[in-house]
Structure formats: structure tokens, C-alpha cells
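Asker: Sharing a model that was predicted from the sequence below.
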Amino acid sequence: MSFDDESSANHSSNPQINEIIEARLQDPVRRGLFKGAVASAALTFVGTTTNTLAADAAPRTPAKRPAKLGFKAVAKSLADVVSVPEGYTASVLFRLGDPMTANVPAYKNDGTDPAASFASRAGDHHDGMQFFGIGADGRYGSSSSARGLLVLNHEAITPSFLHPAGVTATGSGSAQVRTAPEEVLREFYVHGVSVVEVERNGNGNWRYKQDSVFNRRIHTLTEMALTGPAAGTAPMATKYSPSGTHTRGTVNNCANGYTPWGTYLTCEENWVNYFRRIAAGDDPKRSAREVASLKRYGVAGTGRELWATVTPDTPDNLYGRWNAEASGASAVDDYRNAPNTYGWVVEIDPFDPHSMPRKRTALGRFAHEGAWPARARAGQPLVWYSGDDSRNEYIYKYVSNAKWDPADAKRGLAAGDKYLDAGRLYAAKFNADGNGEWLELKFGSATINANTAGYAFADQADVLVNARLAADAAGATRMDRPEWGAVDHLTGAVYMTLTNNNAAMRPVGATDAANPRHYNDARTNGTAQRGNPNGHIIRWLETKNDPAAITFKWDIYLFGARAGSDPENINISGLTAENDFSCPDGLWFSPATNVCWIETDDGAYTDVTNCMLLAALPGSVGDGGADAVKIITNTDEKGGTRQVRTLVGAAPGDRLRRFLVGPAQCEITGVAESPDGKALFVNIQHPGEDTKTADIGNPSVWPSHWPDGGMARPRSATIVITRNDGGVIGV
Ligand code: FEO
Ligand code: CA
Ligand code: CA
Ligand code: CA
């Protein structure tokens with residue numbers, strides 16, 4: 001059955017949500033575990049009147065950065081709690097499984113909640129997030145701080161804790177198959193996006209509204225339109241949508257973005273891992289161009305959750321659609337092209353619960369970490385930055401053809417059609433002298449054309465579907481795993497985390513000015529970690545501060561490192577016990593305070609501390625002044641050395657402080673704020689993720705029981721952080 005067949009609108013094979021029994025409405029606000037003391041702190045905010053705003057006054061980004069951070073740094077910790085500074089409170093707001101309609105019962109959290117109920121429950125692995133104020137008219141109103149829609153991604157799952165006793169499967173290797181379709185259906189639902197209404201009561205406490213008409217789950221079964229240049233082209237045709245105009249679902253939604261018209265952008269990151277394609281059998285059935293594309297994107301393997309292995313399949317191929325092998329007579333008889341319908345930026349209108357999400361192909365296809373907007377300026381193109389989160393992949397920029405008209409601010413997805421479906425896509429090249437260039441990925445250019453070595457491009461749609469191959473051909477700079485980006489509202493500088501790289505992917509001889517370090521970050525037990533295991537944050541300023549410019553200047557804002565490590569070649573930013581960190585990932589500038597928030601997804605420094613959230617007050621590109629040029633001496637395991645010249649910003653000093661440390665084995669990701677800056681929302685992803693399947697029956701040995709405590713299964717959750725004196729966060 002295909003999308004183009006009108007009768008397919010109802011997936012009759014899916015269990016219906018109305019099977020769910022009625023249950024009493026429970027207060028969804030639950031306090032979490034936190035360590036902050038309740039002593040009040042003096043207001044230390046400088047340079048703005050934001051902290052005196054009435055609840056619904058229109059906040060404006062202050063014209064200055066605060067002179068200093070207004071809290072005492074939190075210590076590194078391996079405890080299974082959320083630690084926040086004195087004077088702050090962290091409360092749990094929205095956890096895996098929490099019900100999102102009035103008639104869905106509370107989550108039992110023992111693996112027995114019916115799969116279909118997850119269509120109306122919070123998903124797993126909370127990730128990128130945005131707060132949209134709800135105005136008095138029930139529409140997008142960016143000034144509203146007491147009531148809003150929190151829109152957040154659910155990137156992936158911890159299967160051990162989703163089902164009664166872990167995943168049910170038989171066989172091994174490429175012959176392993178899932179034998180409990182109910183479990184797979186549950187997994188389909190817990191990926192994707194939540195739109196959930198949140199509100200602050202008179203006491204300043206937050207809760208999510210279980211029965212809000214805005215609440216919505218978008219998941220791997222949700223129908224989506226493909227839009228932009230690649231929509232309706234041959235590489236997008238599947239049995240589901242022979243015309244190539246639609247696809248089902250979104251998956252591995254990592255970071256995010258937003259638009260000036262109040263819509264949410266969710267980004268498809270490691271989607272490739274979900275598809276089954278045993279290359280040895282499938283490659284001979286494919287054209288040379290198809291094989292080149294599949295290989296470049298890594299579409300090969302059993303599929304990380306083995307979704308394609310469920311038998312029997314449903315008439316609408318609920319499971320078989322995750323098999324990307326050529327099995328039918330042509331592409332419209334199977335799902336060989338399904339991977340081409342993933343890897344996009346997806347626009348969602350959170351204020352229209354019935355709207356169909358749109359996959360915007362003009363922004364290119366890769367492992368999209370997120371899509372971060374430059375400051376919108378009337379009469380100028382709109383710009384979004386994007387990173388491709390894999391080792392040695394690229395940084396991208398999209399520039400709309402249409403010029404921004406603020407009258408479009410209330411047009412929802414129709415505005416998306418105007419600004420996100422036609423534009424220019426670029427990849428970044430970082431030159432050794434501190435200059436940079438945006439290389440346009442344009443069919444017919446000198447490097448991207450029908451004669452490109454290794455892959456003959458067909459047209460611009462093909463360039464977008466195969467953006468990685470186009471960026472290879474253009475000669476962009478391979479980076480140390482681009483994660484989140486953020487644009488500084490104050491200076492216009494663009495920051496991007498490069499979370500880490502390893503010695504295999506960037507050997508000492510492949511270090512360059514923008515990815516300059518290669519060293520051994522030895523763990524406390526002596527285990528070597530070589531390459532750039534702690535990551536760094538690069539930043540750039542576009543020429544004339546014009547987001548659409550094609551040249552820029554860059555430097556490195558921060559290097560992750562252990563305090564006390566070699567200050568010349570490793571701890572170049574001079575980090576101390578108050579601010580040392582590893583593997584920067586989430587990144588966000590608060591419009592209310594101009595504080596830069598940095599989150600970690602670390603596996604290197606985890607012998608000493610759980611993942612964390614830091615607050616920073618950066619300067620801008622070039623603030624390293626006369627000390628900006630650094631010569632780093634890199635060493636590899638064989639004693640080989642190489643000197644690399646790079647450009648470094650001013651050391652952060654105490655303008656970088658650790659604000660939060662999360663529970664055991666979590667990642668800190670997703671950050672949003674009420675527009676008045678008085679509530680900070682943060683996601684705690686996958687606490688206890690390394691729990692062994694063999695230990696599922698023995699809760700006393702689990703590394704985490706956060707947030708519910710006792711012997712409860714751990715759950716990903718959104719927390720909300722407030723100041724005990726009601727003040728603005730962080731300053
Ligand atoms: Fe899903 Fe790039 O982290
Ligand atoms: Ca991430
Ligand atoms: Ca990461
Ligand atoms: Ca993660």
C-alpha cells in the first residue's frame with residue numbers, strides 16, 4: 001500500500017490508542033533529586049533590566065554580556081543525582097513514558113505499558129529542545145514566559161528498560177531476528193518528537209499539562225511530506241510513495257533548530273543505522289552510482305534495532321520498510337530508496353497539532369545534528385548552520401533565496417515553504433591562516449558535475465541527496481565530529497562544538513589548524529585515549545557580519561581537557577577544577593542573558609565525572625589578540641611528533657563555570673529557557689545506559705535509578721531549573 005493510494009491514510013494494522021483504559025489524572029509535576037541548597041543568592045545581573053520584567057512583557061536580548069557569572073561552580077561528581085549550584089532548584093518535569101492525554105494512565109515503568117499507549121506518552125532519550133511561548137491568542141507569542149510549548153526530540157532508546165526483560169530476539173549475527181512485534185511497535189513510538197504544553201503556577205513551579213490540546217507525539221509512523229528540490233525525484237520513490245513526495249516517520253532526532261515564524265526544526269542524525277542492508281548481497285543489484293552513495297553514507301548492516309526482521313510483515317510494510325535492499329522489480333516495489341527519505345531537517349508547526357511535518361530537502365542530506373538560525377534581518381536572506389555528526393565530516397550553511405519579511409512571522413509552515421525550500425547550500429573550508437570560505441554545493445560548478453570523479457552528479461536534487469559527496473568534491477574541511485552550533489545574539493559569531501576524534505580517524509599526520517590536537521588523555525587507571533578525545537569549540541565571524549557572506553574569520557574558543565594536563569599542547573584554554581570538561585556537544589546562547597550554555601556527551605573524562613552543563617561568557621573571534629597564534633606539538637603512540645599552528649581565543653578564566661552535573665551514565669543535552677530567563681529546561685538523556693542486559697532482573701546493581709530513585713528503572717527526563725529567589729538563571 002502506498003501513500004499515493006488514498007486508502008492508506010489509516011494504518012489499519014496499528015493498534016488504536018482508544019484501547020487504552022481510563023485512569024485518574026495524576027499530577028504530572030514530580031520533584032527530582034537535586035543537591036542545590038535553598039539559600040538565596042544576591043542578584044548579580046549586569047547591563048539589562050530583564051530580571052524586572054513582568055511575566056508577559058516582551059523580553060529583549062540585552063545589549064551587553066553580564067560582567068560575571070552569578071553562581072558558585074558545581075564540583076565534578078560521579079553521584080547518581082543532578083547537582084546544581086547553591087540557590088538553585090532542579091525539578092523533574094517530563095519523563096519517559098509520562099502520559100500526554102487525559103485518559104492515558106501513569107507510566108508503570110516495568111516494561112508492560114502497552115505499545116500503543118506510547119503514541120500518547122513521552123518518548124525516550126530526550127534531546128534537542130525549544131520553548132515556544134503561547135500568546136494570549138493561543139498562537140506563537142515569543143514574549144510569553146509563564147505558558148509555552150516545549151518541543152523536544154527523542155533521539156534513541158535504551159531497550160533494556162523499555163520492555164519487560166530487555167529485547168526479545170533469537171539467532172545471532174546477521175541472522176538475529178526480533179520475535180516480539182509489540183516491543184518493536186513500542187520502539188517505533190518512543191522515537192521522534194514531543195510537543196508538550198508547560199506552565200508556571202503562581203508559586204513559580206512548573207508542570208506539564210497532561211490534557212493540553214497542543215500535546216502531540218511525532219514518531220516513526222507519522223506521515224511526512226518531502227519538500228524542496230529533491231521532493232518528487234526518482235531517488236525518493238518508494239513503495240510507500242511511488243511519486244517520491246512522502247515518507248513515513250522521523251528517527252534519531254538529535255539536535256534541533258527553529259524559525260522566526262515559530263516552527264520547530266528537528267534534525268535526523270544517525271538515521272543510517274536503522275536500515276538493514278547486507279551489502280554483499282545487495283550491491284550486485286545496484287548501479288555503480290547507488291553503491292557509491294550507499295557506501296559514502298554507510299547504509300550497510302543489520303539495522304541497530306533489527307526492526308526489519310519482524311515476520312510476518314504487515315500489508316503496509318510496517319517492519320519491512322526498514323529493509324533497504326533491492327527486493328522488488330523496481331524502486332517503487334520495495335524500500336531500496338527509503339534511506340534517501342531520511343537525513344533531513346524536518347519542520348514541525350507545534351501550534352497546529354494536525355499539520356503534516358515537512359522534510360526540507362534544500363538543506364541537504366547528511367547526519368544532521370541540528371539547524372541553527374543566524375539572526376533574522378528584514379530584507380536579507382535567512383541563514384541556518386548545520387553540522388554533520390560523524391568523525392571527519394563537514395559544517396554546512398543554508399542561505400534562503402527569499403529575503404526575510406517580518407510579515408511572514410505568523411504564517412507557520414507556509415513561511416517554511418517560502419524560506420526553506422529554495423536556497424543555496426555551502427560547506428565550510430577552514431584555511432590555516434584563520435580565514436575561511438563557504439564552498440557552494442552547486443550542480444554544474446567546476447567540481448560538482450556529471451564528470452566528478454567517483455560520483456557523476458545528475459542534477460541539483462542529486463547534489464542535495466548526496467551532500468557529503470558534493471562537499472568531498474568541493475574540498476571542504478573534515479572536522480572532529482561537528483555537534484551543536486549556536487549564533488551569539490550579541491556579536492553574530494557562530495560557535496560549533498567539535499566533540500572529539502580518535503587516532504584512527506585523525507592520525508597525528510592529519511591534524512590541521514582547525515582540528516589541531518593529537519595527544520593521550522590517559523584515564524586515571526592508565527588507559528590511553530589518543531587523538532582529540534576531549535574535543536574543542538570552533539567559532540567564526542562572517543565577513544562584514546553578514547550571515548550570507550561566503551568568507552569568514554575563525555579561531556578556537558575552547559579546548560576540552562582535564563585540569564592539570566599539559567598547558568601548552570592539551571589544556572590550552574587553562575581549564576581549572578571549576579570548569580574542566582570533555583566532549584562538548586550541546587551549545588546554546590540565551591537570548592535573555594547572552595550566557596552561552598555548553599553541554600557534554602562524554603566518554604573520556606567519565607572516570608572522574610558524569611556529564612555536565614557549563615555556563616560561559618565568551619568574547620568574540622580574535623579576542624586572543626597577540627597571543628592568538630599557538631604552535632601545538634602533537635605526539636602519537638609511536639613517539640612521532642608534528643607541530644600545528646592554530647588560532648586561539650582568549651582563555652575563559654572564571655567566565656566559564658560548571659553549572660550542573662548529571663546522574664550516572666547520562667548525557668546532558670537539549671537546553672531551552674523561558675523568554676524571561678527565569679526557567680532553564682535541560683534534558684537528562686539515558687541515565688544508566690550501560691546497564692548490562694544480564695542485570696535487568698537485578699536492580700540493586702544498576703548504575704542509575706534516576707529520577708524516581710529507590711529500585712526504579714532509570715528514565716530520560718526534562719528537568720526545569722529555577723532560582724530560589726525567582727531570579728534570572730546563571731547571572
Ligand atoms: Fe546525537 Fe550528535 O549527538
Ligand atoms: Ca548530541
Ligand atoms: Ca554526542
Ligand atoms: Ca546520547
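Answerer: Cool, got the structure. Ligands and ions are numbered 1, 2, ... in the order given.
Asker: can we go C-alpha only for contacts and neighbour counts from here?
Answerer: OK.
Asker: can you pull out the helices in the stretch 601-731 of the chain?
Answerer: With DSSP state H, counting those that start in this stretch applied, the stretch 601-731 of the chain shows no helices anywhere along its length.
Asker: who in it is up against ligand 1?
Answerer: Taking CA under 6 Å from any ligand atom, no part of the stretch 601-731 of the chain reaches ligand 1.
Asker: so which residue of the stretch 601-731 of the chain comes closest to ligand 1?
Answerer: residue 601 (7.9 Å; CA to the nearest ligand atom).
Asker: now swap in the chain and tell me
Answerer: For the chain, CA to the nearest ligand atom, closest residue to ligand 1: residue 254, 4.4 Å.
Asker: any idea which element that residue lies in?
Answerer: Using DSSP states H and E, residue 254 falls within strand 253-258.
Asker: still on that earlier bit, need the nearest residue in space to the residue of the chain closest to ligand 1, chain neighbours excluded.
Answerer: Ranked by CA to CA, 6 or more residues apart in numbering and with sequence neighbours excluded, the top spatial neighbour of residue 254 is residue 155, at 5.2 Å.
Asker: for the one you found, what are its contacts?
Answerer: Residue 155 is in contact with 124-127, 191-192, 251-254, counting by CA atoms under 8 Å, 6 or more residues apart in numbering.
Asker: ditto for residue 558
Answerer: Residues near residue 558 by CA under 8 Å, 6+ apart: 536-538, 573, 648-649, 651-652.
Asker: ranking the residues you listed by neighbours, who comes first?
Answerer: Taking other CA atoms under 10 Å as the neighbour criterion, residue 536 ranks highest of the contacts of residue 558 with 29 neighbours.
Asker: Counting neighbours, what do you get for residue 203?
Answerer: Per other CA under 10 Å, the neighbour tally for residue 203 reads 7.
Asker: Look up how far residue 698 lies from it.
Answerer: Using CA to CA, to the nearest Å, residue 203 is found at 40 Å from residue 698.
Asker: again, but for residue 544
Answerer: Distance, residue 544 to residue 698, by CA to CA: 60 Å.
Asker: what do you get for residue 621?
Answerer: 52 Å.
Asker: more neighbours, those two?
Answerer: Taking other CA under 10 Å, residue 621 and residue 698 do not tie; residue 621 has more neighbours (24 against 9).
Asker: show me where the stretch 601-731 of the chain has strands.
Answerer: For the stretch 601-731 of the chain, the strands defined by DSSP state E, counting those that start in this stretch cover 612-616, 629-635, 641-647, 656-661, 667-673, 679-685, 717-723.
Asker: who does the fifth one pair up with?
Answerer: In its sheet, strand 667-673 lies beside strand 679-685 (antiparallel), with partners assigned from DSSP bridges.
Asker: Please apply the same query to the third one.
Answerer: Its sheet considered, strand 641-647 pairs with strand 629-635 (antiparallel) by DSSP bridges.
Asker: repeat for the first one
Answerer: The strands that strand 612-616 pairs with in its sheet are strand 596-600 (antiparallel), strand 656-661 (antiparallel) (by DSSP bridges).
Asker: All the strands of the stretch 1-150 of the chain, residue numbers only.
Answerer: 88-95, 126-133, 147-154.
Asker: Take these and write them to a markdown table, including mean neighbour count.
Answerer: Below are these laid out as a markdown table (neighbours: other CA atoms under 10 Å):
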| stretch | mean neighbour count |
| --- | --- |
| strand 88-95 | 25 |
| strand 126-133 | 29 |
| strand 147-154 | 28 |
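Asker: mind putting those strands in TSV, mean pLDDT included?
Answerer: Compiled in TSV, the strands of the stretch 1-150 of the chain are given as follows (pLDDT from 0 to 100):
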stretch	mean pLDDT
strand 88-95	98
strand 126-133	98
strand 147-154	98
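Asker: Does residue 428 touch residue 435 like I think?
Answerer: No: in this structure, residue 428 is not within contact of residue 435 by CA atoms under 8 Å, at 10.8 Å.
Asker: so how many other residues sit close to the residue nearest to residue 435 when sequence neighbours are not counted?
Answerer: Nearest non-adjacent residue to residue 435, counting by CA to CA, 6+ apart: residue 553, 4.5 Å away. Residues lying near residue 553 (other CA under 10 Å) number 19.
Asker: Tell me the spacing between residue 192 and residue 667.
Answerer: From residue 192 to residue 667 the distance is 18 Å (CA to CA).
Asker: Tell me the spacing between the residue nearest to the spatial centre of the chain and residue 548.
Answerer: Centrality entry for the chain: nearest residue to the mean C-alpha point is residue 255, 1.7 Å, by CA atoms, centre = their mean. Distance of residue 255 to residue 548, computed by CA to CA: 23 Å.
Asker: Pull up the residues of the stretch 401-550 of the chain that are close to ligand 1.
Answerer: By the rule CA under 6 Å from any ligand atom, the part of the stretch 401-550 of the chain lying against ligand 1 is residue 483.
Asker: helix/strand/coil for the closest residue to residue 548 other than its chain neighbours?
Answerer: Nearest non-adjacent residue to residue 548, counting by CA to CA, 6+ apart: residue 399, 6.2 Å away. Secondary structure for residue 399, judged by DSSP: H, G, I helix; E, B strand; the rest coil, is strand.
Asker: Residue 426 too?
Answerer: Under the three-state scheme (three-state DSSP), residue 426 adopts strand.
Asker: from memory it sits against residue 387, does it?
Answerer: No: with contacts counted by CA under 8 Å, residue 426 stays clear of residue 387, the gap being 11.5 Å.
Asker: Overlap of the contact sets of those two?
Answerer: In contact with both residue 426 and residue 387: residue 396, using CA under 8 Å, 6+ apart.
Asker: higher neighbour count, these two?
Answerer: Just comparing residue 426 and residue 387: by other CA under 10 Å the higher neighbour count belongs to residue 387, 29 against 26.
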